[in-house]
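Asker: Next input, structure requested:
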Amino acid sequence: MAYYRNAGKLGKLAATVSMVATSRFMSEPGKAVFLSYTSQDAEAARCLCEGLRAAGLEVWFDQSELRGGDAWDAAIRRQIKTCALFVPIISASVRERSEGYFRLEWKLAVDRSHLMAAEKTFLLPVAIDATSELDSAVPERFREVQWTRLPGGEPTAAFVERVARLLALAGPAESAGGARVAAPVIPATRERSIPATGSEPAIPPQHKAARKWPWLVGAAVVALIAVAGWIAERRLAVPASAVPYSVEDRRMTFALLPIQSASEDPTAVKIANATSDVLVTQLEEESIWGQLASQASMSRALAKSAEPRDVAKALNVHFLIRGSVARAGAGYEVKLYTLDGTTERVLGTHTLKIPPNALVPRWSEDVMLTAWNLMFDGMQSEVAAARKKPDEALDVRDLTFRAFVDWVPEHEGKNGKVAYISAADLLKRALTLAPDDALAIRATADINLCDCVEGWSTNVAEQQSIGAAAVDKYLSNHPNDFFMLEHKAEVYQLRGRYQESLLLLDALLARNAEESDVISLKASALLHLGRPKDALPLAKAVADRYGEVWPDTLGSLAAVDYELADYAGAEQLAQRAATRLTAVQLRNPNVGAVQLTLIAAAGHLKDEAVAKAAISDLGAAVPGLDSIAAIRKWLYPHADLYGFEPLFEGLKLAGVHD
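Answerer: Here you go, the predicted model:
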């Protein structure tokens with residue numbers, strides 16, 4: 001079914017990452033905003049924080065209800081000492097609180113400001129109510145600088161632009177003695193919120209379409225990196241030596257710290273524990289990508305020190321995962337952060353939604369996708385380090401991780417072909433070093449079986465053959481692997497063997513009845529077997545779950561409605577899907593076939609305006625598709641309505657000639 005059919009789990013993650021690419025790349029140390037506030041103003045602070053982070057700015061925002069302790073105090077002091085901007089949030093509550101930790105934060109910031117040149121902007125007070133700039137409860141130093149008034153903490157575009165400009169001008173922080181110091185961030189509970197969908201996910205985490213403007217710059221940068229990587233690979237075709245890989249070298253090693261929650265909220269405490277349990281289980285299941293330290297070893301490390309870098313050092317891991325639980329409407333949210341264990345820098349933030357009266361996300365798949373994204377944060381960091389190595393020193397893991405990181409952000413975009421060539425070359429090198437490496441084989445299957453190749457390849461069968469061979473090779477050693485069996489079901493469908501695919505999919509659903517890719521594949525098999533009534537509830541279940549973030553699911557449901565002669569429903573769904581697909585997807589003879597569903601449904605409904613507009617849009621997306629014959633030639637055999645003659649009858653009714 002559209003995107004899922006050939007994309008698989010790595011493709012789902014790829015969709016997520018391509019959408020929120022810049023959320024993974026935090027600002028440089030010393031170019032962060034420190035928010036300081038009273039506990040009464042926490043919601044306003046959160047609002048301001050999320051507004052700044054939505055623009056890609058790094059914000060240090062402590063929401064811990066468990067403040068105190070030497071490690072925590074030292075971390076706060078270090079952050080105030082190294083941040084680029086200190087933003088005290090001022091309101092009437094400041095006068096009510098003659099004592100509070102925020103006053104120590106303010107004193108530390110004022111003390112640091114005295115060491116700065118007069119023209120340097122460091123203090124940036126924000127008033128969230130009508131508190132006077134002459135209020136004696138506010139430090140005199142704050143009253144000497146310009147305030148910004150943001151009622152309720154809601155940031156304006158002008159304020160965000162000003163902060164971004166000031167951060168761009170900020171240099172590395174300096175200690176009192178003048179030495180440059182790094183700016184580690186230890187969000188013991190420092191939040192970074194990305195609307196689900198991610199956020200992340202959540203995209204549920206994987207999704208491709210929605211928010212655009214905050215990520216355009218990051219996407220362009222990633223595109224340039226992909227192109228540069230491809231050029232570098234072409235120039236440096238030096239065979240890499242086979243460097244042994246082991247857990248001891250610490251690549252892709254993680255530890256999950258206890259998820260924080262307010263002790264006075266028993267439900268939040270239960271959610272923290274339950275989420276930790278399911279996340280540990282999921283991360284352990286993905287051991288092919290990374291290793292997770294045991295919770296027992298974590299407890300022993302925490303007993304000695306709560307400082308994140310000390311914990312990472314004690315456990316000998318590269319990355320830490322922290323989390324916090326907070327109320328969100330009628331339910332809760334669990335915010336998770338990936339930290340570099342050495343620098344304590346936040347590499348990425350992800351959100352899990354907890355519905356009312358539940359302790360874990362509604363869909364287990366959301367946990368799986370979040371685990372993938374947490375690992376991908378670490379993988380990007382590992383690849384950044386690998387890029388500094390001599391080309392001949394890259395080993396199997398370096399090559400495989402780099403292939404995946406290069407491919408993920410660009411595979412569905414205009415640079416998809418370049419990203420594929422770069423990833424394919426790197427994976428070939430990896431498999432030359434270690435022909436049976438499971439991870440390299442798995443990644444090879446994914447990039448070649450992704451629907452995205454259909455948008456640019458002149459010989460799709462070649463990529464599909466490579467992917468199918470990788471699936472068979474992997475399953476010969478791991479015959480029960482869920483992910484690769486799902487790929488096997490996809491391969492069956494690519495070869496027109498829908499009944500065999502259906503049998504395999506039923507076996508997989510017996511193992512995990514919630515898996516949306518498998519549900520979509522089953523709906524596709526049933527549709528091609530002439531069983532649209534059986535396909536309907538399956539296609540509807542996935543579209544209802546993820547339709548707003550994965551427009552392909554709407555297109556698949558539209559195809560089912562069309563086969564059932566529900567032309568009004570098909571037209572509506574196809575229209576929603578077509579308007580959400582990217583230009584690259586619209587050109588894809590599999591995913592883009594939803595445009596044909598729209599035209600044909602409009603033809604049956606005699607909706608001339610919709611039919612005419614859709615025909616025009618199709619011609620713009622794929623020049624030359626001006627006849628039934630051309631359309632038949634363009635469609636791929638596994639497209640939802642391929643070979644369904646009533647589709648072409650509807651196209652004729654809409655005005656498409658033979």
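Asker: Counting neighbours, what do you get for residue 616?
Answerer: For residue 616, the neighbour count with other CB atoms under 10 Å is 10. (Each C-beta comes from the backbone N, C-alpha and C, glycine too.)
Asker: What helix or strand is it located in?
Answerer: helix 608-621 (DSSP states H and E).
Asker: Any buried residues in that helix, and which?
Answerer: Neighbour-count burial for helix 608-621 flags 610-611, 614-615, 617-618, 621 (criterion: 16 or more other CB atoms under 10 Å).
Asker: before we move on, what about stretch 318-330?
Answerer: 318-326, 328.
Asker: Could you single out the nearest of the residues you listed to residue 153?
Answerer: residue 326 (15.5 Å; CB to CB).
Asker: so that closest one sits in a strand?
Answerer: Yes - counting by DSSP: H, G, I helix; E, B strand; the rest coil, one finds residue 326 located in a strand.
Asker: right, and it touches residue 332 too?
Answerer: Yes - assessed by CB atoms under 8 Å, residue 326 is found in contact with residue 332 at 6.7 Å.
Asker: Touching both of those two, which residues are there?
Answerer: Taking CB atoms under 8 Å, 6 or more residues apart in numbering as the criterion, residue 326 and residue 332 both touch residue 268.
Asker: list the contacts for residue 121?
Answerer: By CB under 8 Å, 6+ apart, the residues touching residue 121 are 85, 145, 166.
Asker: low-confidence ranges in this protein?
Answerer: Along the chain, the parts satisfying pLDDT under 70 run over 1-30, 62-72, 171-249.
Asker: domains for it, by residue range?
Answerer: Listed domain ranges for the chain are 27-184, 247-381 (source: automatic domain parsing).
Asker: most neighbours per residue, which of those domains?
Answerer: Scoring these by mean neighbour count under mean count of other CB atoms under 10 Å gives domain 247-381 as the most buried, with a mean of 20.
Asker: centre of the chain versus that one, how much separation?
Answerer: 16 Å (CA atoms, centre = their mean, to the nearest Å).
Asker: next structured bit after the longest helix seen in the chain?
Answerer: Ordering each helix of the chain by length in residues (DSSP state H) puts helix 364-386 first. Later in the chain than helix 364-386, the nearest helix or strand by DSSP H and E is helix 396-407.
Asker: Report the angle between the helix or strand just after that next one and helix 396-407.
Answerer: Sequence order places helix 416-433 as the next helix or strand after helix 396-407, per DSSP H and E. Angle of helix 416-433 versus helix 396-407, following axes from the mean of the first three to the mean of the last three CA atoms, to 10 degrees, is 170 degrees.
Asker: Which elements pack onto whatever helix or strand comes next after helix 416-433?
Answerer: For helix 416-433, the succeeding helix or strand toward the C-terminus, using DSSP H and E, is helix 438-449. For helix 438-449, the helices and strands in contact under the criterion 3 or more CB pairs under 8 Å, 6 or more residues apart in numbering; DSSP states H and E are helix 2-19, helix 396-407, helix 416-433, helix 460-477, helix 482-494.
Asker: how near is the spatially closest residue to residue 445 that is not a sequence neighbour to residue 549?
Answerer: Distance criterion CB to CB, 6 or more residues apart in numbering; nearest residue to residue 445, sequence neighbours excluded, is residue 470 at 3.8 Å. Noted for residue 470: a distance of 28 Å to residue 549, by CB to CB, to the nearest Å.
Asker: One more: residue 262?
Answerer: To residue 549, residue 262 is 30 Å away according to CB to CB.
Asker: again, but for residue 572
Answerer: For residue 572, the distance to residue 549 (CB to CB) stands at 18 Å.
Asker: Among the two, which residue is more densely surrounded?
Answerer: Each of residue 572 and residue 549 has its neighbours counted (other CB under 10 Å); residue 549 has more, 24 against 16.
Asker: For the more buried one, which three-state class applies?
Answerer: coil.
Asker: Look up how far residue 599 lies from it.
Answerer: As judged by CB to CB, residue 549 and residue 599 stand 25 Å apart.
Asker: Same question for residue 94.
Answerer: Residue 94 sits 62 Å away from residue 599, going by CB to CB.
Asker: My read is that residue 288 contacts residue 441, right?
Answerer: No - checked against CB under 8 Å, the pair residue 288 and residue 441 is beyond contact range at 10.2 Å.
Asker: Which of the three states applies to residue 35?
Answerer: For residue 35, the assignment made with three-state DSSP gives strand.
Asker: That one contacts residue 61, correct?
Answerer: Yes - contact criterion CB under 8 Å: residue 35 and residue 61 qualify, at 4.8 Å.
Asker: joint contacts of those two?
Answerer: Jointly contacting residue 35 and residue 61 under the rule CB under 8 Å, 6+ apart are 45, 49.
Asker: Tabulate the CA atom coordinates of stretch 423-433 in PDB.
Answerer: Extracted in PDB, the C-alpha atoms of stretch 423-433 (Å, rounded to 0.1, in the frame of the first residue of the first chain):
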ATOM      1  CA  ALA A 423      24.400   4.600   0.200                       C
ATOM      2  CA  ALA A 424      24.600   1.700  -2.200                       C
ATOM      3  CA  ASP A 425      28.300   2.300  -2.800                       C
ATOM      4  CA  LEU A 426      29.000   2.400   0.900                       C
ATOM      5  CA  LEU A 427      27.100  -0.800   1.600                       C
ATOM      6  CA  LYS A 428      28.900  -2.600  -1.200                       C
ATOM      7  CA  ARG A 429      32.200  -1.700   0.400                       C
ATOM      8  CA  ALA A 430      30.800  -2.900   3.800                       C
ATOM      9  CA  LEU A 431      29.700  -6.200   2.300                       C
ATOM     10  CA  THR A 432      33.100  -6.600   0.600                       C
ATOM     11  CA  LEU A 433      34.700  -6.400   4.000                       C
END
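Asker: quick one: buried residues of that stretch?
Answerer: Within stretch 423-433, the residues that count as buried by 16+ other CB under 10 Å are 423-427, 429-431, 433.
Asker: what are the phi and psi angles of the residue lying farthest from the centre of the chain?
Answerer: What lies farthest from the middle of the chain is residue 136; by CA atoms, centre = their mean that is 45.6 Å. Dihedral angles of residue 136 (phi, psi; degrees, to the nearest 10) stand at phi -70, psi -10.
Asker: again with residue 149
Answerer: phi -100, psi 120.
Asker: Okay, and the beta partners of the residue lying closest to it once chain neighbours are set aside?
Answerer: Nearest residue to residue 149 in three dimensions, chain neighbours excluded: residue 127, at 4.9 Å (CB to CB, 6+ apart). When bridges are called by DSSP bridges, residue 127 pairs up with residue 90, residue 149.
Asker: Quick check: residue 127 touching residue 91?
Answerer: Yes - the criterion here is CB under 8 Å, and residue 127 meets it with residue 91 at 7.0 Å.
Asker: And the closest residue to residue 440 other than its chain neighbours, how far from residue 457?
Answerer: Distances taken as CB to CB, 6+ apart place residue 430 nearest to residue 440, at 4.1 Å, with adjacent residues excluded. Distance of residue 430 to residue 457, computed by CB to CB: 22 Å.
Asker: related to what we said a few turns ago, I'd like the domains of the chain as a markdown table, with distance to residue 593 appended.
Answerer: As requested, these are exported to a markdown table (distance: least, CB to CB, whole Å):
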| stretch | distance to residue 593 |
| --- | --- |
| domain 27-184 | 34 |
| domain 247-381 | 26 |
